[in-house]
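In: A predicted structure for the sequence below; I have some questions about it.
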Amino acid sequence: MEVFKRTAQLNTGAQIPLIGLGTVAADQNEEDITVAVITALQVGYRHFDTASMYKSERPLGKALNTAFQNGLVKREDLFVTTKLWNTEHDDPVTAIKSSLKNLQLDYVDLYLIHWPIKLRKEAPMSASKPKEEDFLPLDMKSTWQGMEQCLEMGFTKAVGVSNFSSKKIEDLLTHAKIPPAVDQVEMHPQWQQKKLRDYCNKHNIHVSAWGPLGGHNKGWGSNEVMDNPLMHEIAQKHGKTRAQVMLRWGLEQGASVLPKSYNTDRIFSNFQIFDWSLTPDDHDKIDMLKQVKLFRGDAFVNSTTGPYKTVEELWDGEI
């Protein structure tokens, strides 16, 4: 991989910037998000990841439109991703229109199915455990047709999926008129997704990594990934931060990485991953790390009404 490469080409022909700013906003006020986005734009970020469930579409849209008005950046220079939540599967077109209104945009660059899960429209929009009566049978063919309609109507430049196993993508490809451009999944040195990456590479589907720092200081994640002695060792050798090592590792696997931070120094530091590279020895050592999936999706497993009775079924054994 070229040291200075900053984008990857999707199967649509579009370029996706290899580092984006994640904007999950559970405990963040809107002003913090707006400031972080403006800071990221000034640093050089051109890729921003949000979702209807994140509660960050509105402040992200506010920040981007402020940047447009101030001449800081043009819309065509940006790559904006948002996602269809589990309660919105019946009508992706209405859902994306709502997201675009929040974002104050005419289109997004990428629209993803957030999870292969369908819930009642009345279910709370939350990642917490749904009630048994909230689960509905999943009709992925119908949902994907709605996603394709979003693309055909010009509301998005590309469609894709998130948290899909190789098997679920394989099933999708049997009926999709338009193949997914991206699968956005948990990926970091201790959950490397080798099987999924090989499958997606074979089918020209780009892998984008959420949680590329292992959920450091996040409720769903673990500090063990960043605190691994090997991360310290490699960071010290290169004169880099542990986060920079982990993000650079993701890039060198061919993935884009989506670190979430509202801290100005870390927003800047996380972007400094293009003018150096890891060594073959670094990769050999990282390859040996014990693999542990941190966000298992237990909330979406239901032995009575849900489509997946076990976590293994949710991930088709890829766990």
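Out: Thanks, I have it.

In: low-confidence stretches in the stretch 101-250 of the chain?
Out: For the stretch 101-250 of the chain, applying pLDDT under 70 flags the ranges 127, 215-222.

In: quick one: secondary structure of Ser167?
Out: Just to correct that, residue 167 is Lys rather than Ser. helix (DSSP: H, G, I helix; E, B strand; the rest coil).

In: measure how buried it is and give me the count.
Out: Neighbour count for Lys167, taken as other CB atoms under 10 Å: 14. Every residue, glycine included, has its C-beta placed from N, CA and C.

In: same thing with Lys101?
Out: Around Lys101 there are 12 residues (other CB under 10 Å).

In: state the three-state secondary structure for it.
Out: Going by three-state DSSP: Lys101 is helix.

In: what do you get for Tyr308?
Out: coil.

In: could I get the full set of strands for the stretch 151-300 of the chain?
Out: 159-162, 182-186, 206-210, 256-258 (DSSP state E, counting those that start in this stretch).

In: including distance to Ala243 and mean neighbour count, could those go into a markdown table?
Out: Output for these, formatted as a markdown table (distance: least, CB to CB, whole Å; neighbours: other CB atoms under 10 Å):
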| stretch | distance to Ala243 | mean neighbour count |
| --- | --- | --- |
| strand 159-162 | 22 | 26 |
| strand 182-186 | 16 | 25 |
| strand 206-210 | 13 | 24 |
| strand 256-258 | 10 | 25 |
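
In: redo those strands as TSV? Include distance to His47.
Out: Output for these, formatted as TSV (distance: least, CB to CB, whole Å):
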stretch	distance to His47
strand 159-162	14
strand 182-186	12
strand 206-210	9
strand 256-258	7
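
In: out of those strands, which is closest to Lys237?
Out: Using CB to CB as the measure, strand 256-258 is the one of the strands of the stretch 151-300 of the chain that comes nearest Lys237, at 20.5 Å.

In: show me where the stretch 1-150 of the chain has its strands.
Out: Under DSSP E, counting those that start in this stretch, the stretch 1-150 of the chain gives strands at 7-9, 15-17, 21-22, 47-49, 79-84, 110-113.

In: wait, which of those is closest to Lys290?
Out: strand 21-22 (25.0 Å).

In: so what touches that closest one?
Out: 36-37, 40, 45, 47-49, 210, 258-261, 267 (CB atoms under 8 Å, 6 or more residues apart in numbering).

In: switch to 10 Å and redo it
Out: 33, 36-37, 39-41, 43, 45-51, 54, 56, 60, 81, 209-213, 257-262, 267, 270-271 (CB atoms under 10 Å, 6 or more residues apart in numbering).

In: gap between that strand and the chain center?
Out: 8 Å (CA atoms, centre = their mean, to the nearest Å).

In: run a quick neighbour tally on the nearest residue to Arg46 once chain neighbours are set aside.
Out: Counting by CB to CB, 6 or more residues apart in numbering, Arg46 lies nearest to Pro17, which is 4.9 Å off, once chain neighbours are set aside. Neighbours of Pro17 under the rule other CB under 10 Å: 18.

In: which residues does Thr34 contact?
Out: So Thr34 contacts 56, 58-64, 66 (CB under 10 Å, 6+ apart).

In: quick revisit: out of the strands of the stretch 151-300 of the chain, nearest to Pro116?
Out: Closest of the strands of the stretch 151-300 of the chain to Pro116 is strand 159-162, at 7.5 Å (criterion: CB to CB).

In: quick one, what contacts Leu105?
Out: So Leu105 contacts 57, 60-61, 64-65, 68, 75, 78, 80, 82, 99, 155 (CB under 10 Å, 6+ apart).

In: highest neighbour count among the residues you listed?
Out: Thr82 (31 neighbours).

In: the residue nearest to Arg46 is in contact with Leu78, isn't it?
Out: Yes. When contacts are counted by CB atoms under 10 Å, Pro17 is listed as touching Leu78 (8.7 Å).

In: quick check: neighbours shared by the two?
Out: By CB under 10 Å, 6+ apart, the residues touching both Pro17 and Leu78 are 45-48, 109.

In: and the helices in the stretch 151-300 of the chain?
Out: Under the criterion DSSP state H, counting those that start in this stretch, the stretch 151-300 of the chain contains helices at 166-173, 194-202, 229-238, 242-252, 264-270, 280-287.

In: turn those helices into JSON lines, including distance to Gly317.
Out: Output for these, formatted as JSON lines (distance: least, CB to CB, whole Å):
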{"stretch": "helix 166-173", "distance to Gly317": "8"}
{"stretch": "helix 194-202", "distance to Gly317": "10"}
{"stretch": "helix 229-238", "distance to Gly317": "27"}
{"stretch": "helix 242-252", "distance to Gly317": "24"}
{"stretch": "helix 264-270", "distance to Gly317": "33"}
{"stretch": "helix 280-287", "distance to Gly317": "21"}
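
In: which among these is found nearest to Val24?
Out: That would be helix 264-270 among the helices of the stretch 151-300 of the chain, by CB to CB, at 14.6 Å.

In: all set now, cheers.
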